[in-house]
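Trainee: Next input, structure requested:
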Amino acid sequence: MTKAKQAIRILVADDHAIFRDGLRKLLDGADDIQIVGEASNGVECTKMLAKLKPDILLLDLRMPEKDGLGVLEEINFDSTPTRVIVLTAAEDDRDVVRAMRLGARGVVLKQSATDLLHKSIRKVFEGEIWLDNRMTAEVIDAFKKSSESGQRREKPLLSDREKEIVQLVAQGFRNREIGEKLFISEQTVKNHLHNIFDKLGVSDRLELALYAIHHRLIDQA
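Mentor: Next up is the predicted model:
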């Protein structure tokens, strides 16, 4: 099938050739998705990332030579357009949380339906975070257990401006970009985020985004 001109460019990193082949067959049916490369280990993946600069990296956490977490540790997300979706067989929630903290924007179970994989790729490409409902709850729970902050409020009193900022953070925008969209300074954005973190009892932007998604705060703005 002929790919669209603006197809989402995908790099697949997984050490199982059969799985990579199956993934290619699943994704080849979408006219807005193009697989531009395949890596069988973390070292290959890192080299291909630098060369291909794909839109999306589908990354297995369990690979030889260098695992998925090792790959994430080396990615400078400030200088690359690539967004990472972790592929997992639901092994250890701690690895998933670590991957998200290292910059992954989505988690997809390997046994997920094809339509969910397609949807996750498109959502992450658009700047959103992707977790299914069960995984979101598990990640939030893991954050709670590891967080040193106090209990969160169930009904946080956020201002309209704070809700706008939460929405933009959940969509992956950085402070400077949020300031430009809302016509406020980057420092003002930082001040708002400080207040939001304090109100919700979260410790970083990722935890804020996940908390907002889990509690549907992004639908309130």
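Trainee: can you list the residues that contact the helix or strand harbouring Asn191?
Mentor: Taking DSSP states H and E as the criterion, Asn191 maps to helix 186-200. When contacts are defined by CB atoms under 8 Å, 6 or more residues apart in numbering, helix 186-200 is touched by residues 152-153, 156-158, 161-162, 165-166, 169, 175-176, 178-179, 182, 202-205, 208, 211. Glycine gets a C-beta too; all of them are placed from N, C-alpha and C.
Trainee: show me where the protein has strands.
Mentor: Secondary structure of the chain, counting by DSSP state E: strands at 8-13, 33-39, 56-60, 83-88, 106-109.
Trainee: so how far is the shortest one off the chain centroid?
Mentor: Okay, so that is strand 106-109. On the basis of CA atoms, centre = their mean, to the nearest Å, strand 106-109 sits 9 Å off its chain's mean C-alpha point.
Trainee: and if you look at the third one?
Mentor: Centroid displacement of strand 56-60 relative to its chain, using CA atoms, centre = their mean, is 10 Å.
Trainee: same for that strand, what does it pack against?
Mentor: Under the contact criterion of 3 or more CB pairs under 8 Å, 6 or more residues apart in numbering; DSSP states H and E, strand 56-60 touches strand 8-13, helix 42-52, helix 68-74, strand 83-88, helix 114-125.
Trainee: Need those in a markdown table (columns: mean neighbour count and distance to Val96).
Mentor: Output for those, formatted as a markdown table (neighbours: other CB atoms under 10 Å; distance: least, CB to CB, whole Å):
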| stretch | mean neighbour count | distance to Val96 |
| --- | --- | --- |
| strand 8-13 | 24 | 16 |
| helix 42-52 | 18 | 17 |
| helix 68-74 | 19 | 10 |
| strand 83-88 | 24 | 6 |
| helix 114-125 | 17 | 14 |
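Trainee: Pop the domain breakdown of this protein in here.
Mentor: The chain is divided into the following domains under automatic domain parsing: 8-143, 149-219.
Trainee: Now the weakest link among those domains, please, by mean pLDDT.
Mentor: Lowest mean pLDDT within the domains of the chain: domain 149-219, a mean of 81.
Trainee: Distance from that one to the middle of the chain?
Mentor: How far domain 149-219 lies from its chain's middle: 17 Å, per CA atoms, centre = their mean.
Trainee: from now on call the first residue 15
Mentor: That works, and once the first residue is 15, the last one we named lands at domain 163-233.
Trainee: residue nearest the centroid of the protein?
Mentor: Nearest to the mean C-alpha position of the chain, by CA atoms, centre = their mean, lies Arg119 at 0.5 Å.
Trainee: Could I get the contacting residues of the closest residue in space to Ile89 that isn't next to it in sequence?
Mentor: Take Ile89 and drop its neighbours on the chain: the residue closest to it by CB to CB, 6 or more residues apart in numbering is Gly117, 6.2 Å away. By CB under 8 Å, 6+ apart, Gly117 lies in contact with 86, 89, 91, 98.
Trainee: my guess is the first one meets Arg115, correct?
Mentor: Pointing back at Leu86 there. No - taking contacts as CB atoms under 8 Å, Leu86 lies outside contact range of Arg115: 9.1 Å.
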